[in-house]
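>>> Based on what follows, work out the 3D shape:
(chains A and B)
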Amino acid sequence: MASSNPFTDPLRFERQVRPCAVVIFGANGDLTKRKLVPALYRLAFERRLPSGFAIVGNSRTEMSDGDFREKMRTSVQQFLEESPFDEDVWRDFARGLHYVAGDLRDPGCYQRLAAKLGEIERTQLTGGNVLFYLSTHPSHYEPVVEGLGGAGLNRAAGGGWRRLVVEKPFGHDLDSSRALDRAVHKVFQEEEVYRIDHYLGKETVQNLLAFRFGNGIFEPLWNRRYVNSVQITAAESIGVEGRGGYYEEAGALRDMIQNHMLQILATVAMEPPALFEAAAVRDERAKLLRSIHVMSHDEVTAHAVKGQYGPANVGGRALPGFRQEEGVKPDSQTGTYAAVTFFIDNWRWAGVPFHVRSGKRLAKRVTDIAIQYNAAPHRVFSGLPGGAGMAEMAPNLLILRVQPEEGISLRFLSKQPGSGMKLRPVSMDFNYGSSFGMRSPTAYETLLVDALTGDATLYSRQDMVEASWQAVMPVLEVWGNTKFDFPNYASGTWGPAASDEMLARRGQAWRVP
Amino acid sequence: MAAAIQPEKILKDLSALWVNLGREAEGGNVLRACAMTLIVITGDAEGDAVGETVAKLMREHPSRLVMLRVKPGGEPLLSERVVAQCWMPFGGRQQICCEQVEITAAESVLEDVPAVVRALEAPDLPVVIWTRVPGLLHSAECAPLLDLADKVIVDSAGWPHTRDKVRAIRNGLRTRLVADLEWTRLTRWRQTLAQEFDNPAYLSRLGEIEWAIVEYDGEFVPLRALYLAGWLRQALGERVAITLRGLGQASPPRLHTVTLSGGAMSYRMNVDATRAAEMRICDQHSAHPLMPQLDEYELMREELGITGRDAIFEASLAFAEEHGQ
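Take a look at the predicted model:
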């Protein structure tokens, strides 16, 4: 009996998903419609899904398989990114779509699910392999996991694999994150749990690993000796867009910084892993997250700024303030903007500030990472007539753009053409998408294939989640006990003045990305 | 006649090209992208179609492109021009451009070309030659040109006298990477077959297979069929008997069916003339509607993405040399 497929050609074949079923809890929700099913369809379009592949959707709404297929067809046609819709591919793909209605707190729901999975295993030869995807409201996570355990769905009788994908948030603070983890671990082993952070699936975030560890030139300059500071920005130009109720509970710190941005920070600052494999990469990321200095309450005041947008007219359009959004309290203290300066307590980064900011209704939608290098130790050109002037003050910047135009830029000084030695900053650009000119997979395509093939490299581990919560808990605690005078920034700006002042106190300033 | 083309002048023209592109951009940016030198050797008559193919390739494999058009006959002729391949991605603000040098040479002066091309290589980047002219791989005049390459890509489709040609490819592999687009055409066939055996239920029964048949249409054994048989031999080992069987006289020759069988285990993949694929494994039937005939762009796109040795291809090539006619 062959233990591995002898026909495999890793040089030319895309990674293939083996026959399996994906059960999506929350199949009637936005994430399923906008991201998950379009991503799975796209994988089918690229012939990366096997013929024995099935999806079972679950939600409370009563629907037939046919209704569910029709609904998903509409979603795929609407939300497929940079891809054609192919009728033949859809017909094949839709054959594997099934639906089981049921309340997640009803044990009968899991019995029906078990019966459906048994039928799929027999007809589509999935070998008992099942991926459960929690795309529900977080309050359902624990009941679902208990329900799966109660019905014995966490184990395959015939030896197939069972995996659980959990969407963020992983708790709303350190204690609740630990409680969720305990509940999950009663039913699933840690290696079966995939905590998804879709930022880590973005092509540029992965390219950051290639950039740092595939090249010999940058890593020697990647430390406190050469780096003056690091700025990580995730700005949205839109507001809460109908998610006021959710956002009122979460806020920018929980929604963005505790997870996505600290994962990016960890990718920027981690030590090189010995191998590019899940355990080694995740160990280094976890080690870095544990090295983030946990602030005292006094330090929080100096190193963190909370903001909330007010009403404004932007481009002739009257935009409501956060407190005027549906589902938001009129005296809400929720932050729609958060800026935190983190420090990393290790040899490589001691003393280097990592300024992290995220907000809604900012000047534009952009996510990037800027490594600011120290100025040249001696200003050779400053004494010349018409010399460098302010230009010589411009630090070298290495900018890693995550979205919207993924790429890498290096800013350095160049001599301006003409007589005299006038310097001016120039930018050397590498545009990721256009340089390769090919479609990049969406983050969900990447991460779904990873989970389906058992590669957890780009998924969070519980120790990483806990370390991230530990890093932000003092900020949450101080902010929870402070009454803020909100709103404190207007839509279409780069956030509250206090954020600029926070950096100005260190002689620094936020970049305009 | 080599004096008719001066590499320094071409380089100067390339330089001027970038200055002009910068001026024409009127405040927008022009990005220059280059990952390799791609030398395309083509016949005089097929220029436009190749031009479209390489223009599409530039987007994924930005290169300094040297298009060498070979004119038949002994009339001494050598000429050049420099152009840019530009595109505006995603309706964006920045224009991406690659440089293209076109050299036209008569067969009789081909030996003068390598000196010109050598000076035009983009420094410190790999050189890939894609030759669309049959027979160039073992022509003495072209040997110095091929010596410039880190990788040579040929297309043996339609080549008769298989063993000679296979030997030429294998000889080429001694000093550089050589790829054959006939092998690239097999990727989807191979992947489709491989995918079925990802299923543990079928994988566990692979040992039951005793014989494999590769069937083709055509007047001679297409190299593609030999490659496929070589690949099956690698995967299934010596214990499985492999047979190549011609079914008809289709032109151009094409692959038809792969059958693996033994005991109660059987697998059959058939692709009909409309490219519709049909598969049957252990009486389970599945239709795979997508088995399109890939054009040169798609084949080259895959091939340019492979920069290292392809050990599976090389072993299939060795099988083809051993069993070719």
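>>> tell me the centre residue of chain A?
Geometric centre of chain A, nearest residue: A:Tyr199, 2.3 Å, by Cα atoms, centre = their mean.
>>> out of everything not next to it in sequence, what's closest to it?
A:His260 (4.1 Å; Cβ to Cβ, 6 or more residues apart in numbering or on different chains). Glycine gets a C-beta too; all of them are placed from N, C-alpha and C.
>>> wait, isn't that neighbour in contact with A:Ala234?
Yes - using Cβ atoms under 8 Å, A:His260 is in contact with A:Ala234, at 6.7 Å.
>>> mind listing the strands in the stretch 51-200 of chain B by residue range?
B:63-71, B:78-87, B:94-106, B:127-131, B:151-154, B:177-180 (DSSP state E, counting those that start in this stretch).
>>> Quick one, which of these gets closest to chain A.
Closest to chain A of the strands of the stretch 51-200 of chain B is strand B:94-106 (Cβ to the nearest Cβ; 5.1 Å).
>>> chain center to that closest one: distance?
Remark: strand B:94-106 is offset 20 Å from the chain centroid, using Cα atoms, centre = their mean, to the nearest Å.
>>> pull the CA atoms of that strand into PDB?
C-alpha atoms of strand B:94-106 as PDB (Å, rounded to 0.1, in the frame of the first residue of the first chain):
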ATOM      1  CA  GLN B  94       1.900  53.800 -12.700                       C
ATOM      2  CA  GLN B  95       2.900  52.500 -16.000                       C
ATOM      3  CA  ILE B  96       4.900  49.300 -16.100                       C
ATOM      4  CA  CYS B  97       7.400  48.900 -18.900                       C
ATOM      5  CA  CYS B  98       9.700  46.300 -20.200                       C
ATOM      6  CA  GLU B  99      12.300  46.800 -22.900                       C
ATOM      7  CA  GLN B 100      12.300  44.900 -26.100                       C
ATOM      8  CA  VAL B 101      15.100  44.600 -28.700                       C
ATOM      9  CA  GLU B 102      14.100  43.200 -32.000                       C
ATOM     10  CA  ILE B 103      16.900  41.700 -34.200                       C
ATOM     11  CA  THR B 104      16.300  40.400 -37.600                       C
ATOM     12  CA  ALA B 105      18.900  38.100 -39.000                       C
ATOM     13  CA  ALA B 106      19.300  35.900 -42.100                       C
END
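>>> Kindly provide the whole-number mean pLDDT of that strand.
For strand B:94-106, the mean pLDDT works out to 78.
>>> go on, stretch A:20-33?
Across stretch A:20-33, pLDDT averages out at 94.
>>> Briefly note if that stretch comes near chain B.
No - shown here: stretch A:20-33 not in contact with chain B (Cβ under 8 Å from any Cβ of the partner chain), separated by at least 10.1 Å.
>>> B:Glu322 versus the residue nearest to B:Tyr227 when sequence neighbours are not counted, what's the distance?
With sequence-adjacent residues excluded and distances taken as Cβ to Cβ, 6+ apart, B:Tyr227 is closest to B:Ser316, at 4.5 Å. Using Cβ to Cβ, to the nearest Å, we find B:Ser316 at a distance of 11 Å from B:Glu322.
>>> When those two are compared, which one has more neighbours?
Legend: neighbour count by other Cβ atoms under 10 Å in any protein chain shown for B:Ser316 and B:Glu322, higher for B:Ser316 (25 against 12).
>>> Give the full set of residues in contact with the more buried one.
B:Trp183, B:Leu226, B:Tyr227, B:Leu228, B:Gly230, B:Trp231, B:Gln234 (Cβ atoms under 8 Å, 6 or more residues apart in numbering or on different chains).
>>> Same check on B:Leu120?
Residues counted as contacts of B:Leu120 (Cβ under 8 Å, 6+ apart) are B:Pro7, B:Ile10, B:Leu11, B:Thr37, B:Arg64, B:Val66, B:Val101.
>>> residues near residue 284, how many?
Since you didn't name a chain, this refers to chain A. Using other Cβ under 10 Å: A:Glu284 sits among 18 other residues.
>>> Wait, chain B was what I had in mind.
Residues lying near B:Gln284 (other Cβ under 10 Å) number 17.
>>> ok, it to chain A distance?
Distance, B:Gln284 to chain A, by Cβ to the nearest Cβ, to the nearest Å: 8 Å.
>>> Would you mind measuring from that residue to B:Glu75?
For B:Gln284, the distance to B:Glu75 equals 62 Å [Cβ to Cβ].
>>> list the buried ones in stretch B:9-23?
The neighbour-count check on stretch B:9-23 (16 or more other Cβ atoms under 10 Å in any protein chain shown) flags B:Ile10, B:Leu14, B:Leu17, B:Leu21 as buried.
>>> now, among the residues you listed, which is nearest to chain A?
Of all these, B:Leu21 has the smallest distance to chain A: 15.1 Å, by Cβ to the nearest Cβ.
>>> Now that closest one: which helix or strand?
Assigned by DSSP states H and E, B:Leu21 falls within helix B:7-24.
>>> what does A:Gln372 give?
strand A:366-373.
>>> and the very next helix or strand once past that strand, how far from the chain's centre?
Per DSSP H and E, the first helix or strand lying C-terminal to strand A:366-373 is strand A:397-403. When distances are taken as Cα atoms, centre = their mean, strand A:397-403 is centred 16 Å away from the chain's centroid.
>>> And for strand A:397-403, what's in contact with it?
A:199, A:202, A:204-205, A:208, A:211, A:218, A:234, A:264, A:268, A:365-373, A:407-411, A:432, A:511, A:513.
>>> Now distance to A:Gly127 and neighbour count too, for the contacts of B:Ser316, in TSV please.
As requested, those are exported to TSV (distance: Cβ to Cβ, whole Å; neighbours: other Cβ atoms under 10 Å in any protein chain shown):
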residue	distance to A:Gly127	neighbour count
B:Trp183	32	28
B:Leu226	34	27
B:Tyr227	31	28
B:Leu228	28	28
B:Gly230	30	25
B:Trp231	26	24
B:Gln234	26	16
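>>> Restricted to strands, list the residues you listed.
With strands taken from DSSP state E, there is no overlap with the contacts of B:Ser316.
>>> What distance do you get for A:Pro272 to A:Met464?
Plainly put, A:Pro272 is 18 Å away from A:Met464 if you go by Cβ to Cβ.
>>> Tally up the residues packed near A:Gln206, please.
Here the number of neighbours of A:Gln206 (other Cβ under 10 Å) works out to 17.
>>> same check, this time on B:Pro252
Neighbours around B:Pro252, by other Cβ under 10 Å: 10.
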